[in-house]
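> Structure, please.
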Amino acid sequence: RFDLIIQRFVDALLSFPIIILGLAIMAVLGASVANVIMALVIIMVPRTSRTVRSQALSIKEFDYVLAARAVGCSPLRIIFRHIMPNLFATCIVLSTITLGLAITTEASLSFLGIGVPPNVPTWGNMLRAASDAFINVSPTLAIFPGAAIALAVFGANLLGDAMRDVLDPKLRGR
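Predicted structure coming up:
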């Protein structure tokens, strides 16, 4: 019953596009670094929880978990000794992919002016400042922060792909 209620709440959060949900949260909370972090957590946790939950439900049906249950292991022992270690690779890959998504979301919110305050140096603030005043004078002021965002997201995604290749036992033999 608890799982059903939580998953309906997660479904409701997943039904909104990331940037729209970020805009709504920041409109309610106001612009500050702590509020951006809280908004990113609210945006990213449902995506991660959905994936980890589905993986955990899949692992729960494996033979070694059923054998541990048949032997009489406690539910906590089954969770921490059998299910959690097998979720580790999934969590690491998800964290690297979520990092790229968080970078673009924060930069978008800051570019729109509702993220972190303008005196805090972020890539989104740099893009906004370059587009406001200096785009005609020096376009490189907008190119370099945009390229840095793209490279950081690309690097995080490559790291996640490499971690998946290393940690996934199904891909280890290839």
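
> mind listing what the residue most central in space within the chain touches?
Per CA atoms, centre = their mean, the C-alpha nearest to the average position across the chain is that of residue 98, at 2.6 Å. For residue 98, the contacting residues are 44, 47, 48, by CB atoms under 8 Å, 6 or more residues apart in numbering. Placement of C-beta: from N, CA and C, glycine included.

> Just to check, the first one is in contact with residue 99?
This means residue 44. No. Residue 44 lies out of contact with residue 99 (CB atoms under 8 Å); the separation is 9.4 Å.

> Next, give phi and psi for the residue located most distally from the centre of the chain.
In terms of distance from the mean C-alpha position of the chain, residue 71 ranks first, at 37.3 Å (CA atoms, centre = their mean). Phi and psi for residue 71, reported as degrees, to the nearest 10, are phi -70, psi -20.

> pLDDT score assigned to it?
Here, the pLDDT recorded for residue 71 equals 91.

> picking that back up, which is the succeeding secondary structure element to the strand or helix carrying the residue nearest to the centre of the chain?
Assigned by DSSP states H and E, residue 98 falls within helix 84-112. Later in the chain than helix 84-112, the nearest helix or strand by DSSP H and E is helix 123-129.

> any residues touching that next one, and which ones?
Contacts for helix 123-129 (CB under 8 Å, 6+ apart): 103, 106-113, 115-116, 118, 141-142, 145-146, 148-149.

> From those, list the buried ones, please.
103, 106-111, 115-116, 141-142, 145, 149 (16 or more other CB atoms under 10 Å).

> List just the nearest of the residues you listed to residue 25.
Nearest to residue 25 among these, counting by CB to CB, is residue 109 at 9.2 Å.

> Can you report how many residues lie near residue 162?
12 (other CB atoms under 10 Å).

> Give me the distance between it and residue 156.
Per CB to CB, to the nearest Å, residue 162 is found 11 Å from residue 156.

> picking that back up, could you dump the buried ones among the contacts of helix 123-129 into CSV and include pLDDT and distance to residue 19?
Listed next are the buried ones among the contacts of helix 123-129 as CSV, based on pLDDT from 0 to 100; distance: CB to CB, whole Å:
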residue, pLDDT, distance to residue 19
103, 93, 13
106, 92, 11
107, 93, 11
108, 92, 6
109, 91, 8
110, 90, 12
111, 90, 11
115, 85, 11
116, 88, 16
141, 79, 24
142, 81, 19
145, 87, 18
149, 94, 14
